[in-house]
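Q: When you get a sec, could you give me coordinates for this:
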Amino acid sequence: MCDVYAILDPDRVRDADRFVRDVIAGGARRVQLRAKHLGSGPMLRLARRLQPLCAGSGVAFIVNDRPDVAWLAGADAVHLGQDDLPVEHVARAMPDLSIDVSTHDLAQLRAAVAGGASAVAFGPVFATRSKENPDPVVGIDGLTRAVRHSRVPVIAIGGIDATNIGDVARAGAAYAAVIGALADETDRIGRTRALVAAARAATAGAPS
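A: Down below sits the predicted model:
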């Protein structure tokens, strides 16, 4: 089963609390706070406000880039990029914090897993406008290879929406990370439900 992993970017969403409530109501199983332009104090205050919304619904809450904010906010995990703190250092300093790591090729994936990553994001699977300087598109074939080579859950990321999440699910990704397709406030609950339904339909009847 491929679950929906909703990413909240405060630069694109006016009401962060409503975003989290909407995607949870729609069936998302993970929510990440990706606040590239917030200072430490405002980011921590926002994270502390959102964490209980997720915890109360049994949804994992992840903070992007900032292990300190993730730990102080009581998040379930931190998501690290290739230019962030090394995963093995964070794992040693914060053993109770799960660590997701962005990867873009198999060498990076293997290094992240060896360093202690709990899950790896792999992509961009499709072209994306959510990142200023995106890495080369890996495609469904690249995602499929990543799933086969990874012994931890793989989070597909990059350009995913209701039209292609089925392909992501069939490739074996544990999660489909979605940013742009959920940024619009128009019927966000319905959009999330559509993503969940498309992912489940794609793997209905598949062997577990």
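
Q: quick one: low-confidence parts of the chain?
A: Along the chain, segments meeting pLDDT under 70 span 130-133, 205-208.

Q: now the strands: where do they sit in it?
A: Using DSSP state E, the strands of the chain run over residues 3-8, 30-33, 60-64, 77-80, 98-103, 119-122, 154-157, 175-178.

Q: Mean neighbour count, the ones you listed: which tops it?
A: strand 154-157 (a mean of 29; mean count of other Cβ atoms under 10 Å). C-beta: built from backbone N, CA, C; applies to glycine.

Q: Please enumerate the helices of this structure.
A: 16-26, 40-55, 67-73, 87-93, 106-115, 139-149, 165-170, 180-183, 188-203 (DSSP state H).

Q: Quickly compare the ones you listed and say which is most buried.
A: Taking mean count of other Cβ under 10 Å, helix 165-170 is the most buried of the helices of the chain, at a mean of 23.

Q: so who does the residue nearest to Phe122 when sequence neighbours are not counted touch?
A: Spatially, and ignoring its direct neighbours in sequence, Phe122 is nearest to Ala146 (4.3 Å; Cβ to Cβ, 6 or more residues apart in numbering). Contact analysis of Ala146 by Cβ atoms under 8 Å, 6 or more residues apart in numbering lists Thr103, Leu106, Leu109, Val120, Phe122, Val138, Val154.

Q: The same query, at a cut-off of 7 Å, please.
A: Leu106, Leu109, Phe122, Val154 (Cβ atoms under 7 Å, 6 or more residues apart in numbering).

Q: Leu33 too?
A: Leu8, Leu46, Ala47, Leu50, Val63, Asn64.

Q: So in terms of bridging, what pairs with it?
A: On the basis of DSSP bridges, Leu33 is bridged to Leu8, Val63.

Q: Next one: it from Ser40, what distance?
A: 13 Å (Cβ to Cβ, to the nearest Å).

Q: one step back: what's the closest of the contacts of Ala146 to Ile179?
A: Phe122 (15.3 Å; Cβ to Cβ).
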